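Colleague: Fold the following and give me the result.
(2 chains)
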Amino acid sequence: MRNLLNFLIKYNYWLLFLGLEALSFILLFHYNSYQESYFFNSSNAVTGKIYEVSGGISSYFHLKSVNRDLLDRNMELETKISNLEKALKEHQVDSLDILSLERLPRTSFFLFKANVINNSLNLTDNFITIDKGYSAGIRPDMGVVDANGVVGIVYETSPYYSVVISLLNSRSNISCKIVGSNYFGTLRWDHSDPQHALLENLPRHAQFNLGDTIVTSGYSSVFPEGIMVGTVDDMGDSGNGLSYLLKVKLATDFGRISDVRVIARRGYREQKTLENKCIVPNE
Amino acid sequence: MFQMNNWLNKIGWATGLVLLQVLILNNIHIGGFATPFLYIYFILKLNSDTPRNQQMFWAFGIGLVIDIFENTPGINAAAFVLLAFARPTILRLFTPRDTYDSYVPSKKVMGNLPFMRYLIVCVFIHHIALLTLESFSFISFSLLLLRIFLSAVLTIICILAIEWFRK
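Modeller: Model prediction:
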């Protein structure tokens, strides 16, 4: 007994070492299996505040490119409007018809503005922190986009901050399709390169060209149909040879996202509960 | 002024290194792979007669704070505690026989070559543990090795730069 005690006292640092490592691993695995532990991620108040200050400073460095994106977007919208006006005039629509168009039921999607205050690119699982939380109406599983395209999906919210699973995360999968063909596949990230992702499970009989545009499919209940994701950069076969595996050049530049929009959809909870009810537990 | 000899100074260094790491260095990815993990400088420069348990508590605390900022609970803490645990042994291995009992590891005290060996071994222990835990798979093994190597080189360069600056 005395020998054992002496041994323990002499090598107490081994016990401490094993204890601290065990604690670290418990944190590591606990965090991965439960979403509840948001105390330890950056939606907690102190880290959120620090990131907000640093995000406020670093957003100035991006002002020029943000401005350019806005100008591009503006120009795109202006040409769209002028085209639409032209089309309307061509069809000689009655002014009463235009009025009734405006009285259509309000769109089922609405948007929240938010700023990115923390972002990472080079981890296996990248997260983005934004400065709006559930007090602003943001809930987990809402989609996040910026002026160029899809950014990610809200994962966890606290009163004033939210953590977003970026596209550059092994847990992100988003249903996408190729413009014009309606064949759809799943977008995943292979943690190699922050500018590219992979589109999986696209059927063999789908037809497309390199450079075709990839947009969201609208099946996932998170994003509405037709939001820009990227363009086809390269094509190959999946491991089992049953489907295509496309390399997609992402439209969003994750290195400099700062202004984002969070998309909320009326009735998405209803769809979600309905779908969950239909999943029969197998095995 | 730049010494790390009392509690207040240590806390100042820890805060400075953590903020530097989470606000600036974590945003550096040279070639998409290499990120310097400069916060380990804190443990590397602790006095050689600091109790091992105290070193491990410092490492756990700093690692955990960085984890909280990075949304990676446990990873930095685990790797950093491993380094703090191994450091006294490594230090004993590489120190020339005729040095004092209590000293701060540096080029001047240990000599150029032993200090470089100590630095390289410590940095690699930490980086291998950290980046392996982070990817948690050996699927892209060559990619992982590349990341470990490039990041370690970058960290070593940063540490040598600080050493040179403090001289």
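
Colleague: Which residues of chain B lie near chain A?
Modeller: Residues of chain B found near chain A, taking C-beta under 8 Å from any C-beta of the partner chain as the criterion, are B:19, B:23, B:26-27, B:29, B:32-33, B:35, B:52-53, B:56-57, B:59-60, B:63-64, B:67-75, B:77-78, B:81-82, B:85, B:133-136, B:140, B:143. To be clear about C-beta, it is placed using only N, CA and C from the backbone, and glycine gets the same treatment.

Colleague: Give me the subset of these lying in helices.
Modeller: For the residues of chain B next to chain A, membership in helices holds for B:19, B:52-53, B:56-57, B:59-60, B:63-64, B:67-70, B:75, B:77-78, B:81-82, B:85, B:133-135, B:143, with DSSP state H as the criterion.

Colleague: Counting neighbours, which of these end up buried?
Modeller: The neighbour-count test (16 or more other C-beta atoms under 10 Å in any protein chain shown) marks B:19, B:52-53, B:56, B:59-60, B:63-64, B:67-70, B:75, B:77-78, B:81-82, B:85, B:133-135 as buried among those.

Colleague: Could you tell me the model confidence score at residue 57?
Modeller: As the question left the chain open, I've gone with chain A. At A:I57, the predicted lDDT confidence score is 81.

Colleague: The intended chain is chain B.
Modeller: With respect to pLDDT, B:F57 has a value of 91.

Colleague: Also the one 3 residues further on?
Modeller: pLDDT for B:F60: 93.

Colleague: following the lowest-mean-pLDDT helix or strand in chain A, which helix or strand comes up?
Modeller: Comparing every helix and strand of chain A by mean pLDDT, DSSP states H and E singles out helix A:95-102 as the least confident one, with a mean of 47. Next helix or strand after helix A:95-102 toward the C-terminus (DSSP states H and E): strand A:109-119.

Colleague: which stretches of chain B form strands?
Modeller: Taking DSSP state E as the test, none of chain B falls into strands.

Colleague: low-scoring stretches of it, by residue?
Modeller: Applying pLDDT under 70 to chain B flags residues B:1-4, B:98-100, B:136-139.

Colleague: centroid residue for it?
Modeller: The C-alpha lying nearest the average C-alpha coordinate of chain B belongs to B:I40 (C-alpha atoms, centre = their mean; 2.1 Å).

Colleague: Surely B:A59 is in contact with B:L83?
Modeller: Yes - the pair B:A59 and B:L83 qualifies as a contact (C-beta atoms under 8 Å) at a distance of 6.6 Å.

Colleague: Start and end of stretch B:92-111, how far apart?
Modeller: End-to-end distance for stretch B:92-111: 14 Å, by C-alpha to C-alpha, to the nearest Å.

Colleague: Buried ones in it, by neighbour count?
Modeller: Burial within stretch B:92-111, assessed by neighbour count using 16+ other C-beta under 10 Å, is assigned to B:94-95, B:104-105, B:107, B:110.

Colleague: quick one: low-confidence ranges for the stretch 151-283 of chain A?
Modeller: Low-confidence segments of the stretch 151-283 of chain A (pLDDT under 70): A:279-283.

Colleague: how about the residues of the stretch 1-150 of chain A that lie near chain B?
Modeller: A:12-13, A:16-17, A:20-21, A:23-31, A:37, A:40-42, A:44, A:47, A:50-51, A:54, A:118, A:120-124, A:127.

Colleague: which among those end up buried?
Modeller: Looking at those with 16+ other C-beta under 10 Å, the buried ones turn out to be A:13, A:16-17, A:20-21, A:23-24, A:27-28, A:31, A:40-42, A:47, A:50-51, A:54, A:118, A:120-124, A:127.
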